[in-house]
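Q: give the three-dimensional model of this entry:
(one chain, ligands or ions: 2)
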Amino acid sequence: MQILKSVIDWIFPDKCMVCGKDTEIGSLFCSECFGNIVFVDFPYCRICGKLLDTSYNNELTCKMCQNTERFFEAGRSLFLYNNSAKSIIMRIKKEADEHVSRKCSQLLYNRYENFIEKADLIVPVPSHFSRILRRGFNPSMLISKYIAKISEIPMDAKIIKRIKRTEYQKNKTLQERQENVKDAFVVNKNVKNKRILLVDDVMTTGSTISECSKILREHGAKSVKFVTIGSTMG
Ligand SMILES: [Zn+2]
Ligand SMILES: [Zn+2]
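A: Ligands and ions are numbered 1, 2, ... in the order given. Have a look, this model is predicted:
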């Protein structure tokens, strides 16, 4: 058994999802990186799923969800979007790391099985085709593919198309972000009465996800929820 384990270790060493160093088999993180990973847990916003700090006392909704119109019903994320979570997402975004994508999808599914299982259809948040051309793939598609496989819920990546090449949202105010993604998407197919699960890598203000939800709802979707790998603090 020990020999077999060493052989497996040697052929398929498990790698830390953050730094990429070899870890013990079955481990997601090395001991150093494990200390820096923050799983989203209670208390989190009951709408967007962001982690809430102690200033919220017993409030269950983040400031953004209290003050902004949200077109999605609810969302959940796996990790707080800190530097470690950023490294994980970069592995998916820059390297199309199948191993990390699969692990993140499995973690999302294990953690939010009931939430995910209520959907009829999985839809990745689309990238503009020029970005797909440059990268060769759409990162949210990789995660969607594995969640669809694990949950056996069908996925359709062609439902929403990004028609406007939006500028990067980083360093923009909420209002600029909302303006930036406005009319950036079209819905191509019939989504009437469907319960849709959007999948993306990160949620910051939620402007992109909300805009996608809005257009899906306008086309008759019954509800729109989302999951992401990371989300910022609520
Ligand atoms: Zn590590
Ligand atoms: Zn919220």
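Q: from here on, contacts and neighbour counts on C-alpha atoms
A: OK.
Q: what does this structure have sitting close to ligand 1?
A: Residues of the chain that fall close to ligand 1, judged by C-alpha under 5 Å from the ion: 16, 19, 30, 33.
Q: where neighbours are concerned, which of those has the most?
A: With neighbours set by other C-alpha atoms under 10 Å, the maximum within the residues of the chain next to ligand 1 is found at residue 16, which has 21 neighbours.
Q: you'd agree that residue is up against residue 29?
A: Yes - counting by C-alpha atoms under 8 Å, residue 16 touches residue 29, with 4.2 Å between them.
Q: shared neighbours of those two, which are they?
A: Contact criterion C-alpha atoms under 8 Å, 6 or more residues apart in numbering; residues bridging residue 16 and residue 29 by contacting each: residue 23.
Q: show me where this protein has strands.
A: With strands called from DSSP state E, the chain shows them at 14-15, 22-23, 74-80, 121-124, 160-162, 185-187, 195-203, 223-231.
Q: could I get the last one in CSV with only the CA atoms?
A: The reference is to strand 223-231. Presented in CSV, the C-alpha positions along strand 223-231 are these (Å, rounded to 0.1, in the frame of the first residue of the first chain):
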residue,chain,number,x,y,z
SER,A,223,-34.7,33.0,-11.5
VAL,A,224,-31.0,33.7,-11.7
LYS,A,225,-28.5,32.7,-9.1
PHE,A,226,-24.7,32.5,-9.3
VAL,A,227,-21.6,30.9,-7.9
THR,A,228,-18.0,32.3,-8.0
ILE,A,229,-14.7,31.0,-6.8
GLY,A,230,-13.9,34.3,-5.0
SER,A,231,-15.7,37.3,-3.6
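Q: how about residue 183, nearest residue that isn't a chain neighbour?
A: Distances taken as C-alpha to C-alpha, 6 or more residues apart in numbering place residue 164 nearest to residue 183, at 7.6 Å, with adjacent residues excluded.
Q: and that neighbour, how many residues sit next to it?
A: By other C-alpha under 10 Å, the residues close to residue 164 number 16.
Q: quick check, pLDDT for it.
A: Confidence per residue is given as pLDDT, and for residue 164 that number is 78.
Q: am I right that it is in contact with residue 182?
A: No - if you go by C-alpha under 8 Å, residue 164 and residue 182 don't touch, sitting 9.0 Å apart.
Q: ok, back up a step: among the residues of the chain next to ligand 1, which are in helices?
A: With helices defined by DSSP state H, the entries of the residues of the chain next to ligand 1 inside them are residue 33.
Q: return the member of the residues of the chain next to ligand 1 nearest to ligand 2.
A: Distance to ligand 2 across the residues of the chain next to ligand 1 (C-alpha to the ion) is lowest for residue 33, with 27.3 Å.
Q: and stretch 100-111, which residues are buried?
A: Buried residues in stretch 100-111, defined by neighbour count with 16 or more other C-alpha atoms under 10 Å: 100-102, 104-106, 108-109.
Q: okay, and which of those residues map to helices?
A: Under the assignment DSSP H, these contribute 100-102, 104-106, 108-109 to helices.
Q: redo those residues as JSON lines? Include pLDDT and distance to ligand 2.
A: Written out in JSON lines, the entries for these read as follows (pLDDT from 0 to 100; distance: C-alpha to the ion, whole Å):
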{"residue": "100", "pLDDT": "92", "distance to ligand 2": "27"}
{"residue": "101", "pLDDT": "92", "distance to ligand 2": "25"}
{"residue": "102", "pLDDT": "91", "distance to ligand 2": "27"}
{"residue": "104", "pLDDT": "94", "distance to ligand 2": "22"}
{"residue": "105", "pLDDT": "95", "distance to ligand 2": "22"}
{"residue": "106", "pLDDT": "94", "distance to ligand 2": "24"}
{"residue": "108", "pLDDT": "96", "distance to ligand 2": "18"}
{"residue": "109", "pLDDT": "96", "distance to ligand 2": "21"}
